[in-house]
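**Student:** Here's a sequence, model it:
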Amino acid sequence: MNNFNALWLSKTTDSTIETCIRKTQLEELSEGDVSIQSDYSSLNFKDALATQAKSGVIRSYPIIPGIDVSGKVIQSNQEDLPVGTNVLVTGYGLGVSHTGGLSEIVSVPHEWVVKTPKQATNREVMCFGTAGFTAALAIHALETKGEMTPKNQPNILVTGASGGVGSLAIQMLKQLGYTNVWALSRKKDSAKEFFQKIGATQVFTPEEITPDKKRPLLSQQFHYIIDTVGGHQLEILLPQMYYGGSLALCGNAGGISYTTTVLPHILRGVNLFGIDSVAVPMSLRTQIWDRMITEMKPADLSQHIQQEITLEQVPDACQTILQGNMQGRYLVRLTN
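**Tutor:** All right, here's what the predicted structure looks like:
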């Protein structure tokens with residue numbers, strides 16, 4: 001199990017982050033009682049941020065990044081995780097405080113491990129990855145807490161629609177039977193064909209939904225919102241929500257701060273649900289994965305994959321993500 005390839009991030013003397021792929025020994029990995037031969041990983045905005053100095057993602061260097069992985073168990077002391085079991089790991093400390101998924105072998109605590117659902121392959125679960133898991137959590141929250149249902153065909157806005165979470169949210173909503181799924185993206189024109197392919201019924205730019213004058217309450221347009229962007233954009237979204245509507249907030253690509261009033265919440269009963277994909281309890285985690293690969297699974301799960309890449313191509317792919325030039329996601333193949 002030694003001399004396997006892994007992508008490492010190291011901090012140089014001038015505090016820049018150096019990326020390299022090198023042969024790695026099992027003892028260099030963080031402690032874990034389950035070892036996994038990796039099949040696939042995927043790239044998320046968080047992974048791309050980890051390659052940047054002072055991003056706040058990585059706590060200490062050197063480290064192997066990658067917050068997702070799927071593969072087969074090759075070493076385990078757990079009866080319910082025998083050698084050969086197909087598994088996946090997302091979240092917890094993987095790729096942040098614990099050596100991550102961009103490695104041909106991964107070692108993790110058994111408490112982090114989810115068995116790959118029988119209806120899915122290790123490739124399929126990484127087509128979802130953390131992005132899909134986050135999107136599914138947002139949909140689940142809107143349905144269970146916000147009473148969203150296809151019966152009423154509500155207007156649902158998905159922000160950051162060309163990214164991994166946004167594009168998968170649109171596809172899963174379509175699969176669940178929602179027909180009024182609107183995409184919000186600065187790439188309205190350049191990615192028009194992509195949005196049509198994944199199931200968006202209308203596409204808006206931020207400018208098109210921004211009023212000339214910001215007010216505490218605006219004309220009601222959206223029953224539900226899945227917001228992957230956060231930041232100041234929330235200031236124009238919350239005042240445009242229908243009475244009793246709900247917004248699931250699951251990203252901060254637009255920043256971590258915003259200024260608003262309490263009026264949408266106390267005069268229109270608007271709900272704001274925070275979505276965390278890192279520390280989700282295992283009972284809910286397995287429930288969401290079961291939904292993802294059955295009722296939520298898009299007819300063509302690969303249609304949002306921009307490219308399947310190798311470990312060597314990861315650094316360039318991270319730059320593409322950081323530059324905002326993504327449509328969908330990168331899938332990383334770790335075994336031949």
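
**Student:** Can you tell me how far Thr216 is from Ser257?
**Tutor:** Just to correct that, residue 216 is Pro rather than Thr. 18 Å (C-beta to C-beta, to the nearest Å). For the C-beta atoms, the positions are set from N, CA and C on the backbone; glycine is no exception.

**Student:** Strands of the stretch 51-200 of the chain, start to end?
**Tutor:** 68-76, 86-90, 105-108, 114-115, 156-159, 181-184 (DSSP state E, counting those that start in this stretch).

**Student:** Residues in contact with the second one: which ones?
**Tutor:** This points to strand 86-90. Contacts to strand 86-90, defined as C-beta atoms under 8 Å, 6 or more residues apart in numbering, come from residues 34, 36, 67-73, 81, 101, 106, 108, 112-116, 121-122, 125-126, 129-130, 133, 277, 289.

**Student:** Now do that strand, average pLDDT.
**Tutor:** Strand 86-90 shows a mean pLDDT of 97.

**Student:** what packs against the one helix or strand His223 maps to?
**Tutor:** Per DSSP states H and E: His223 is located in strand 222-227. Using 3 or more C-beta pairs under 8 Å, 6 or more residues apart in numbering; DSSP states H and E as the contact test, the elements touching strand 222-227 are helix 122-144, strand 156-159, helix 164-176, helix 234-237, strand 241-249.

**Student:** Now render the ones you listed as a markdown table, adding mean neighbour count and mean pLDDT.
**Tutor:** Below are the helices and strands packed on strand 222-227 laid out as a markdown table (neighbours: other C-beta atoms under 10 Å; pLDDT from 0 to 100):
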| stretch | mean neighbour count | mean pLDDT |
| --- | --- | --- |
| helix 122-144 | 25 | 96 |
| strand 156-159 | 26 | 97 |
| helix 164-176 | 27 | 94 |
| helix 234-237 | 20 | 94 |
| strand 241-249 | 21 | 98 |
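
**Student:** Out of those, the one nearest Thr85 is which?
**Tutor:** Set against Thr85 and scored by C-beta to C-beta, the helices and strands packed on strand 222-227 come closest in helix 122-144, at 10.8 Å.

**Student:** Kindly report the domain assignment for the chain.
**Tutor:** For the chain, automatic domain parsing gives the domain ranges 4-116+302-333, 131-274.

**Student:** Of those domains, which is nearest Pro281?
**Tutor:** Nearest to Pro281, of those and by C-beta to C-beta, is domain 4-116+302-333 at 10.8 Å.

**Student:** And that closest one, how far out from the chain middle?
**Tutor:** 14 Å (C-alpha atoms, centre = their mean, to the nearest Å).

**Student:** Just list whatever residues bridge to Ser103.
**Tutor:** Beta-bridge partners for Ser103, by DSSP bridges, are Ala6.

**Student:** Which among the domains of the chain is found nearest to Glu295?
**Tutor:** Glu295 lies closest to domain 131-274 among the domains of the chain, at 6.6 Å (C-beta to C-beta).
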